[in-house]
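K.L.:
Fold the following and give me the result.
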Amino acid sequence: MAMASPEKNSSSLQSRVAPGVSSRYDFPLRLSSMALLIIDIQDELTEVDLTSNEYKHSTGFPRMIHNTKRLLESARMNKIQVIFTYLQALTDDCRDVSLDYKLSGDLSNLPGPSNPAKFLPGITPIAGEDICLSKTSCSVFQSTKLEYILRNLQVEQLLVVGQLTDQCVESAVRDAADLGFFVTVVDDACAANSADSHEKGMHGMRGFSRRLTTDQVLLEISANDTVTGKGEITTLLTANRFEQQFALGANTADCSIKIPEPSQYVRHKEKGFETALLRSLRVAGVKFIRFTIVDAHNTIRCKAVPLDFLIESSSMTSPTSIAEVCFAGLPTTMDVPKAPNLTASNVLTLEPDLSSLQILPYAPKTAMIMCTAHDQLSQNLSPLCTRGLLERVLHAAREEVGLEFCIGAEIEFMLYRLNKDGLMQPMDASTFANSTTLNDQEDFISSVYDQLRLQDIPVELIHAESAPGQLEVVLSYSDDGLQLADNVLFAQETIKNVAKNYRMQAIFLPKTSMSAAGNGLHLHFSFKDVGSPSNAFSDSFRPTGISRKGESFIEGILDHLSSLLSFSLPTVNSYRRVGAGCWTGSSIDWSTEDKEVPLRVCVDLKTRKATNVEYKLADSTANIYLVLAMILSAGMEGLKCGKELRPMASADIAAGAPLPQSLNESLDCLKLDTFLLSVLGPELSTAYIAVREFEARSESSLAEEVHKAFGNR
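P.N.:
Have a look, this model is predicted:
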C-alpha cells in the first residue's frame, strides 16, 4: 500500500500559524500530512471482560478497541501512515527497560525476543506497510526514534489512540506537542484503568492537543474530499473549538460557522430507527427483549434485557454476552463443559438481527430477537455461531453457484395430558389424517394458528399424523432460508406454550414409544437462479423431471448423507425413528413420491411436475440453523462438481448402502468427511463431535427420556 505523498507546493501547517490568534482547532486533519499513532494496544495489556464490574475491562478497553478498529480501517482506506508502538524489551530478562518500569511492578517484566508481544485481532500491523516501534518506557519519543521517523515521513499531524490515557498516551501527546507536531487525541479510542483516570489524562492533554471523538475524526477524514476555494478543508465546528475561540475574545475569534455541505451530511438512520422501534415496543406493552441464540446442540439460550435500559442507552447493539463454551461445549442435559477446546474464559457478544424481532403472543410483555455471536475483541462473527454459519452458506449459494434456495418445513409433535391417575397419556388414539384430533383439538389448533399469524409465520397445512395425539404443522415455503429457520424455532416455542395454556404438553421427541410412529422435522428444498422467479429445480423435458442442477444437488446430499445424519438425527433417540417401514428409509436412496426413501422428490398435484426434494431424516432435536447449513452445503458441493445423480430406487435396482444405525456410526462418518468438516471449521467440529460423543456414551433408555420430557412426572 503506497502512503499518501506530501502535497506539492503547499506550505507547512506551522507556517500558517498566527501567534496568539490561531487555535489548534484551526488545523483539521490533512491526509497528506498525518499519521495514526496506536499506543500499546497489545494482548498482554488489554484484557476485556464484559461481565466484570471493573471499568477498564467492561467499558474502557472494549470501547477503545472498537473505535480503534474503525479508525484503523479508515486510515488504511485513505492510505494514512499507521504507526504501532508496543511494550517489548530488547532482552529476555528485561535488563534494558527503563528505571521507571523496573520500579513499577508488572512493567518490569515485559515481553521479550523469545516471547514477543502479541497484537489484538483486527488491530494488527501489516508487514511492510505499517511501522512498528517497540519501547521500554512510558514515552515513545524518549525510548524510540519516532521523531526522526516522522520528520522523514514529513508528518506534521499525529492522530493518537491507545492506552493508558493518563500515562503513555499523555506522555506521547505532551512530547509531540513540545516537538512541534499538531496532535489530535481521540477521546473514545483511548482507555485508562478507571473513568476518573481517563478523564484526568484527557484534561492533562487539553493544552497540547485537540480532543475529538471517533465520529468527529472520521467526518474530518471523509471531508478531505471537499476543499474550499482557499484550499482549506470544511469541517464541523466542535464544542472544543468554540471554547478555544471564546477564550480569545470577540475581537480575535473567528465567528464564522462552517456548516457541512449537503453532500457531506449523513444522518445516523440506524440509531433513529432503533430508538423509534424501542419506543413503539413500549407503547405495545413490551417490558423485556430476549436476546436469543441456539447453541450447536439445539438448546435455546437467551437473556432478557429491560426495554427501559435499551431506550436509555439508545442502542440495541451488543447489550449482552454469553460465554463461548455455551455455544458448542455443553451437552443438552447439563451445564458441564465437554468440549476440550472451549472454556468459559472467552465471552461472545450477541448482535441482534432486527428483522427477526417478534413480540411473543404467549408472553406479550416480552419480545424475542435472534442474534449472531461475535468475538468480544475483534467483533468478528464467531465460528461457533450456527445462525451465522447458515447466513454464510446462503451467501455462498448466491455467490458461488448463483442460486437462491427455497425451503419449507413440516413440524411433527404429540399432545399429552395428565389422566385421572396422574399419568401422562396422548390426547387421543387417532390415526393419520383422521378428523378426531382436528375436532377434539380445534380450539388449541386455532390458537396456535392465530399466534403464528401474529408473528407473520405462514402456515400451509395442519393435519393429524400417525401416532396417538400427533399433529403436523406445515410451514409455507420461503425463499429466505434464514427466516424459515427462525420461523421453525418460533413455531416450536409457540406450540409448546399454547399447549401449556390448554393444560397439555407438546412433545417433540423423535420417539416416545416403540409401538407408535415418531416425530420428525421434514425439510423441503428447491432453488431459483439469482434474479429469476422460476423454479430451477424442475425440468419436465428430462427423464427424471428434475433439472440437471436439481439432480446434482440431490446427489451431493446422498454422497454426504451418512455424515449429515450426525446433524439432522443428532441424538440416540433419533435413530429409534429410522428403519424399514418407518417412512424414513433405511438405505441411501432417492425416489419420486416414495415415502420409504430418505430423499423424496415431490410432484405438484396440479402440474405433475417435480417441485422440490424432501429430506425426511431430520427431527426437532436438531439445531435447525446447523442442519440447514450442512444439507445445503452438501447439495452445493454436488452442484459445483456437476455430480451425476444415481438411479432412482426401484424393485429392479439393488438398494443403496445402509444408513448408519446409531449416532456413533454417523459421527464416525463425519470424522472422515473432509468437506463437511471444512464447512464446520475446526473450532465447531471439535466441540460438536466431542459433546455428541459424550451424549452417545450417556445414553438414556426411552422410558427415561420420555419421563424427563414430561418434567419428571
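
K.L.:
Verify the stated contact: residue 635 with residue 554.
P.N.:
Yes - counting by C-beta atoms under 8 Å, residue 635 touches residue 554, with 7.3 Å between them. (Each C-beta comes from the backbone N, C-alpha and C, glycine too.)

K.L.:
if you count what's nearby, which of those two comes out ahead?
P.N.:
The neighbour comparison of residue 635 against residue 554 (other C-beta atoms under 10 Å) goes to residue 635, with 30 against 24.

K.L.:
Would you pull up how far stretch 180-196 lies from the middle of the chain?
P.N.:
30 Å (C-alpha atoms, centre = their mean, to the nearest Å).

K.L.:
Let me know the average pLDDT across that stretch.
P.N.:
Averaging pLDDT along stretch 180-196 yields 93.

K.L.:
Please point out which parts of it sit buried.
P.N.:
Buried positions in stretch 180-196, judged by neighbour count with 16 or more other C-beta atoms under 10 Å: 181-193.

K.L.:
Among those residues, name the ones in strands.
P.N.:
Counting by DSSP state E, the buried residues of stretch 180-196 place 182, 183, 184, 185, 186, 187, 188, 189, 190, 191 in strands.

K.L.:
beta partners for the fourth one?
P.N.:
Spelled out, it's residue 185. With DSSP bridges applied, residue 185 shows beta-bridge pairing to residue 160, residue 211.

K.L.:
The last one too?
P.N.:
Beta-bridge partners recorded for residue 191 (DSSP bridges): residue 163.

K.L.:
thinking again about what came up before, farthest-apart pair in the buried residues of stretch 180-196, please.
P.N.:
182 and 193 (28.3 Å; C-beta to C-beta).

K.L.:
Beyond the longest strand along the chain, next helix or strand please.
P.N.:
Longest among the strand segments of the chain by residue count, using DSSP E, is strand 403-418. Downstream of strand 403-418, the next assigned helix or strand under DSSP states H and E is strand 424-426.

K.L.:
Which neighbours in the sheet does that following strand have, and how are they oriented?
P.N.:
Partners of strand 424-426 in its sheet, by DSSP bridges: strand 403-418 (antiparallel).

K.L.:
Just the buried positions in the partner strand, please.
P.N.:
Buried, per 16+ other C-beta under 10 Å, within strand 403-418: 403-416.

K.L.:
quick check: mean pLDDT across that strand?
P.N.:
pLDDT averaged over strand 403-418 gives 96.

K.L.:
Give me the average confidence score over the helix or strand hosting residue 552.
P.N.:
Assessed by DSSP H and E, residue 552 sits inside helix 548-559. Throughout helix 548-559, pLDDT has a mean value of 96.

K.L.:
Specify the angle between it and strand 403-418 in degrees.
P.N.:
Put simply, helix 548-559 runs at 50 degrees to strand 403-418, going by axes from the mean of the first three to the mean of the last three C-alpha atoms, to 10 degrees.

K.L.:
For helix 548-559, list every residue counted as buried.
P.N.:
In helix 548-559, counting by 16+ other C-beta under 10 Å, buried: 549, 550, 551, 552, 553, 554, 555, 556, 557, 558, 559.

K.L.:
which residues in the stretch 551-700 of the chain form strands?
P.N.:
590-592, 599-603, 610-615 (DSSP state E, counting those that start in this stretch).

K.L.:
Take these and lay them out in a markdown table including mean pLDDT.
P.N.:
Converted to a markdown table, the strands of the stretch 551-700 of the chain look like this (pLDDT from 0 to 100):
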| stretch | mean pLDDT |
| --- | --- |
| strand 590-592 | 93 |
| strand 599-603 | 93 |
| strand 610-615 | 95 |
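
K.L.:
closest one to residue 465 among those strands?
P.N.:
Per C-beta to C-beta, nearest to residue 465 of these: strand 610-615, 15.1 Å.

K.L.:
re the thing from before, using CSV, list the CA coordinates for the longest strand of the chain.
P.N.:
Provided in CSV are the C-alpha atoms of strand 403-418 (Å, rounded to 0.1, in the frame of the first residue of the first chain):
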residue,chain,number,x,y,z
LEU,A,403,-28.8,-19.9,-6.6
GLU,A,404,-31.3,-18.7,-4.0
PHE,A,405,-32.8,-21.6,-2.0
CYS,A,406,-36.4,-22.0,-1.2
ILE,A,407,-37.1,-24.1,1.9
GLY,A,408,-40.2,-25.5,3.7
ALA,A,409,-40.7,-27.4,6.9
GLU,A,410,-43.1,-29.9,8.4
ILE,A,411,-43.1,-29.9,12.2
GLU,A,412,-44.5,-33.0,14.0
PHE,A,413,-45.4,-33.2,17.7
MET,A,414,-47.6,-35.1,20.1
LEU,A,415,-50.1,-33.8,22.6
TYR,A,416,-50.2,-35.3,26.1
ARG,A,417,-52.2,-34.6,29.2
LEU,A,418,-52.4,-36.0,32.8
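
K.L.:
how would you label residue 293: helix, strand or coil?
P.N.:
Three-state assignment for residue 293 (DSSP: H, G, I helix; E, B strand; the rest coil): strand.

K.L.:
no wait, residue 462
P.N.:
Classified using three-state DSSP, residue 462 is strand.

K.L.:
roughly how far apart are it and residue 451?
P.N.:
Distance, residue 462 to residue 451, using C-beta to C-beta, to the nearest Å: 13 Å.
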